[in-house]
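[1] Quick one: sequence plus predicted model below, questions after.
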Amino acid sequence: KNEVEQSPQNLTAQEGEFITINCSYSVGISALHWLQQHPGGGIVSLFMLSSGKKKHGRLIATINIQEKHSSLHITASHPRDSAVYICAAAPRGGATNKLIFGTGTLLAVQP
Amino acid sequence: NAGVTQTPKFRILKIGQSMTLQCTQDMNHNYMYWYRQDPGMGLKLIYYSVGAGITDKGEVPNGYNVSRSTTEDFPLRLELAAPSQTSVYFCASSFLGRTTITDTQYFGPGTRLTVL
């Protein structure tokens, strides 16, 4: 069993829909990262959070430390949101920013 | 700032050949990383560096070598390329202070390597 698991693996949505991507982890963490990988391959960091909720534009990330679960929400989805979304755990006690990555959720938003 | 740059973007190698993947960052980050990404798998850490002159193995270091002679550059060397090294390689960097455990990693655009 992977230490970081994402669901669903694939997700197709219609433009305008509210989208949720889930991430569960089995290790103690200092923080949880969400990243976006564009169709062209580039990877950008979206959020880093250790508690509560963060919002940036139409993206919202939440984390429940007790349940070892995080969600990424996209409101009013748009075809340009089509990408792979990756969560990554930063294990507690690590001092080198080594991350444990999930396998990603491939999101396709259709017009 | 250019951020993290990688060269080449694409490369095809024959089995047994060697090559160096270049990575440069201009953000004065102390930490740098090399990852490989295989289809259906999460990013796997190959090697990382916490500063110039200091490198350490990650999860999948076999068949690779690195060096970090400057803060900016972190080349990844493949010796005796094998088909199992066909992958997309990403370099990343971050800045960690003395009391910071984790922070944003900035990724390069990737190098797609095929070994035939």
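    Happy to help now that I have it. Just so we're clear, the structure is a prediction, and the values are computed from it rather than from any experiment. Numbers count the residues shown, from 1 in each chain, chains lettered A, B, ... in the order given.

[2] So the residue positioned nearest the centre of chain B: helix, strand or coil?
    The residue lying closest to the centre of chain B (C-alpha atoms, centre = their mean) is B:Trp34, at 2.4 Å. Put simply, B:Trp34 is strand when judged by DSSP: H, G, I helix; E, B strand; the rest coil.

[3] can I assume it is in contact with B:Tyr47?
    Yes. Assessed by C-beta atoms under 8 Å, B:Trp34 is found in contact with B:Tyr47 at 5.1 Å. (Each C-beta comes from the backbone N, C-alpha and C, glycine too.)

[4] what touches both of those two?
    Listed as contacting both B:Trp34 and B:Tyr47 by C-beta atoms under 8 Å, 6 or more residues apart in numbering or on different chains are B:58, B:64, B:66, B:76.

[5] which of those residues tops the neighbour count?
    Taking other C-beta atoms under 10 Å in any protein chain shown as the neighbour criterion, B:Val66 ranks highest of these with 23 neighbours.

[6] Roughly how far does that residue sit from A:Leu46?
    Computed as C-beta to C-beta, to the nearest Å, the B:Val66 to A:Leu46 distance reads 28 Å.

[7] same thing with B:Gly42?
    Distance of B:Gly42 to A:Leu46, given as C-beta to C-beta: 16 Å.

[8] which bits of chain B sit near chain A?
    Within chain B, the positions adjacent to chain A are B:31, B:33, B:40-45, B:48, B:50, B:56, B:58, B:88, B:90, B:92, B:94, B:96, B:101-107, B:109-110, B:112 by C-beta under 8 Å from any C-beta of the partner chain.

[9] Which PyMOL command selects the buried ones in the residues you listed?
    Of these, the buried ones go into a single PyMOL selection, burial set by 16 or more other C-beta atoms under 10 Å in any protein chain shown:
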select buried, chain B and resi 31+33+42+43+44+45+48+50+58+88+90+92+94+96+101+102+103+104+105+106+107+109+110
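
[10] quick one: which of the shared contacts of B:Trp34 and B:Tyr47 is nearest to chain A?
    Checking these against chain A with C-beta to the nearest C-beta, the nearest one is B:Gly58 at 7.1 Å.

[11] picking that back up, nearest residue to the residue nearest to the centre of chain B in space, please, no chain neighbours.
    B:Ile46 (4.4 Å; C-beta to C-beta, 6 or more residues apart in numbering or on different chains).

[12] That neighbour: which element?
    Using DSSP states H and E, B:Ile46 maps to strand B:44-51.

[13] Tell me the strands beside that strand, with direction?
    strand B:31-37 (antiparallel), strand B:54-57 (antiparallel) (DSSP bridges).

[14] Same question for the most far-flung residue of chain B relative to its centre, what's its three-state structure.
    Distance from the C-alpha centroid of chain B, by C-alpha atoms, centre = their mean, peaks at B:Thr99 (24.6 Å). Applying three-state DSSP to B:Thr99 yields a three-state assignment of coil.
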